[in-house]
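Chemist: My questions concern the predicted model and sequence given below.
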Amino acid sequence: MQTRGSVLTGTVLERRYRVEGLIAHGGMSTVYRGLDTRLDRPVAIKVMDQRLSGDRSFLERLEREARSAARLHHPCVVGVYDQGVDPTPEGELAFLVMELVQGGTLRDLLRKEGSLPVPLALSVIEPVLSALAAAHRSGLVHRDIKPENVLIGKGGAVKVADFGLVRAIAGAGTTSDSMILGTVAYLSPEQVATGAADARSDVYAAGIVLYEMLTGAQPYTGDTAISVAYRHVNSDVPAPGLAKPGLPPALDELVLRATRRDPAQRPLDAAAFLLAVQQLREQLGLATVPVPVPVEEVDEAVTQQMKPVVDDPEATVRAVPRAAAPAPAPIGPQGTRAMSRAELPQFAPAPTAGPPTSPRPAPNLAEQRARERARSRRSFTLWISVVAVLAVAIGVVAWWLGSGRWTQVPDVAGQTQESAISSLKAADLVPVVKVEHHNDVVAGTVIRTDPAGKTDVLRDENVSVVVSRGRPVVPDIKPGISQTEAEVLIRDAQLAPRRDPGLDGFSSEVPEGKVLKVDPAPGSAVQMGAAVSIALSKGAAPVNVPNLVGMTRDAAFAELRRVGLEPFEKSQDFSADVEAGRVISADPAVGARVAKGSRVGVVISNAITVPGLIGKTVGEVRQWAGERGLGFEVQHAFGGGEDARVFGQLPPPGSRVRPGSKITVNAFP
């Protein structure tokens, strides 16, 4: 019954979905334009290959995947409306009912343009990644990202199709070489090696698609699918700049990071990849540009030919081959087929004239007058036609000069940025995205437009789309910057700086008077205009001057340096209690709290300890006293000179005396 390339035009599936014309034909399915007769809504109907329709495991998995995809609501995802199986005498016919996107595919655009300019390539990949990010958040993995599954509709809206289809086919009892050949150029190494796929596999495929948009070619090609798959597993994807010199190095790095062979080295998911693309766009200073629709609208006459001949939805409820309709040529997974007017019967060239006939006799007078009257009628008709055309032209000009130049700004407040941009483009307006903080509107959601929604404006007018960045975040204020610098950063974040001495503290790393910290901490989400307190450093924390009394000079200096103070010798002084060379006191005094790094002076004792002199000669004592700057007096008993022996002394042994003091001894011969 259903063979590859057969046409279902005019049939009704499940008494609801009428098939109206072929869109494309691939290895696993055929896509038709259709009509939901219950809702009077145009749809796309993907009819699965007969081999798959007879596989029970495939049908069960297709139903599960269709339900999952139907729950995925996103402006950049082709919506899945329904799924069904239509019984026929020759077997069951499995199909999906999806949103009909009027336009073409990214493959069509690449075939027409070759490589794409960087701003256009980024403008295409961003909605693709936005769709994948929504899927990844819902636990879905696409598994088959390629230009054929990226649709470009009216207004340049980019949408991703066929979520879950590959997984459903993978669960079938049969497989298709054509599907592999059509998708192997975008398969991740892990899909080739093990068949496993996660969000990072979609990131890899999206990276390959971005490479192809930038260079106009896939990174790996070969005579067989096996040779291409082998290179995915065993070779690193080259930088697109090697094939297309002049690309920004940062763009090369982005593509290389997305296409690493090791999934752990790629962005975690499409949301992370999308953030990297947006940051790169901002870094390069590139604005979003409109995406051209690659396929022009079909001529009205051709469209009429594609409408079904059956108007009664009950007339045909099963897929019955129609002998009058020729089978369309297959359209491969990476190709489309252009239908010219000469291929349709009503546009076939007129048949050539037959052989010439014999000359006709000259007309008589009555015939001449009849011809003149006919010619006059034709002239009159011609003038009427000219007047009618002029009237229509004047009407068109009047419409354009009047209401035709105008359009209305759609009310997009509360929509996502991508959805709002699509709506504005569909209204023939040029969206200009601006961002600002908002306390209540979720980040990525439109706050308002300027002009406001429902305002009449000229077509092709710029419309500012103000998108929420969410609540403001306390900026990344590093310790050590000045108070003025911190205040500027806080005001730039639409917050209010406030000096709070109560939060000041000591720090051995932040100089005194510089910013120590802010409260709330950097990265905290706060209300717009919220106060952010600034604390300054008091410098290093103070330390206590240690007890140095009685220490030697060197030991005292070492102790002061250990606690972070700078020692110096302030003076020397006499102390009857501290021997010479040891510390008498410190300045600041012992126990005082001083700033770390402060200078502390020490006072060293210069006291001289008097030894026992009894038994020494007068000459020996005189020499000892002279060497120490002490005075010397001898009181002789019975005379004697320098050789006399000392038998008494003042001060007594062990006494400490000041420098310059006098030593008195008693001596006898």
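Modeler: Received the coordinates, thanks.

Chemist: Give the residue spans of the protein that score low on pLDDT.
Modeler: Across the chain, the stretches falling below the confidence threshold (pLDDT under 70) are 1-7, 27, 53-58, 61, 88-91, 164-182, 295-404, 637-639.

Chemist: Break it into its domains for me.
Modeler: By the record's domain assignment, the chain is partitioned as 12-100, 104-284, 410-468, 483-536, 543-606, 610-668 (automatic domain parsing).

Chemist: so how far is the fifth one off the chain centroid?
Modeler: Between the mean C-alpha location of domain 543-606 and the chain-wide mean there is a distance of 62 Å, by Cα atoms, centre = their mean, to the nearest Å.

Chemist: Does residue 467 touch residue 437 like I think?
Modeler: No - proximity of residue 467 to residue 437 does not meet the contact threshold set by Cβ atoms under 8 Å, at 10.7 Å. Glycine gets a C-beta too; all of them are placed from N, C-alpha and C.

Chemist: just to revisit the earlier point, now the domains of the chain in TSV, with distance to residue 290?
Modeler: Rendered in TSV, the data for the domains of the chain read as follows (distance: least, Cβ to Cβ, whole Å):
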stretch	distance to residue 290
domain 12-100	15
domain 104-284	5
domain 410-468	7
domain 483-536	31
domain 543-606	64
domain 610-668	98
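
Chemist: Just the helices from the stretch 401-550 of the chain, written as ranges.
Modeler: 417-426, 483-492 (DSSP state H, counting those that start in this stretch).

Chemist: re the thing from before, including mean neighbour count and distance to residue 291, could the domains of the chain go into CSV?
Modeler: Supplementary listing: the domains of the chain in CSV, determined by neighbours: other Cβ atoms under 10 Å; distance: least, Cβ to Cβ, whole Å:
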stretch, mean neighbour count, distance to residue 291
domain 12-100, 19, 12
domain 104-284, 19, 4
domain 410-468, 17, 9
domain 483-536, 16, 33
domain 543-606, 16, 63
domain 610-668, 15, 98
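
Chemist: Residue 293 is nearest to which of these?
Modeler: In this view, the domains of the chain are compared for proximity to residue 293 by Cβ to Cβ, and domain 104-284 is the closest at 5.6 Å.

Chemist: Quick one: end-to-end distance for the closest one.
Modeler: Counting by Cα to Cα, to the nearest Å, the length from the leading to the trailing residue of domain 104-284 is 29 Å.

Chemist: Next: stretch 449-465.
Modeler: Terminal-residue distance, stretch 449-465 (Cα to Cα): 5 Å.

Chemist: do stretch 100-112 as well
Modeler: Its start and end residues considered, stretch 100-112 measures 22 Å (Cα to Cα).

Chemist: give the contact list for residue 77.
Modeler: Contact partners of residue 77, counting by Cβ atoms under 8 Å, 6 or more residues apart in numbering, are 69, 131, 134-135, 159-160, 163.

Chemist: And those, which is closest to residue 231?
Modeler: The shortest distance between residue 231 and any of the contacts of residue 77, using Cβ to Cβ, involves residue 160 and amounts to 25.5 Å.

Chemist: ok, for the closest one, nearest residue in space, not its chain neighbours?
Modeler: Counting by Cβ to Cβ, 6 or more residues apart in numbering, residue 131 is the residue found nearest to residue 160 once chain neighbours are left out, at 4.2 Å.

Chemist: hang on, the earlier thing: among the domains of the chain, which is nearest residue 477?
Modeler: Taking Cβ to Cβ as the criterion, domain 483-536 is the member of the domains of the chain that comes nearest to residue 477, at 5.1 Å.

Chemist: gap between that closest one and the chain center?
Modeler: 29 Å.

Chemist: Quick one: end-to-end length of it, please.
Modeler: Separation of the first and last residues of domain 483-536 by Cα to Cα is 8 Å.

Chemist: now the helices of the stretch 401-550 of the chain in JSON lines, with distance to residue 269?
Modeler: Formatted as JSON lines, these follow (distance: least, Cβ to Cβ, whole Å):
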{"stretch": "helix 417-426", "distance to residue 269": "17"}
{"stretch": "helix 483-492", "distance to residue 269": "31"}
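
Chemist: isn't the residue nearest to residue 160 right next to residue 79, touching?
Modeler: No - assessed by Cβ under 8 Å, residue 131 is found out of contact with residue 79, at 11.3 Å.

Chemist: circling back: quick one, which of the helices of the stretch 401-550 of the chain gets closest to residue 500.
Modeler: Between residue 500 and those, the shortest gap by Cβ to Cβ is with helix 483-492, which sits at 11.3 Å.
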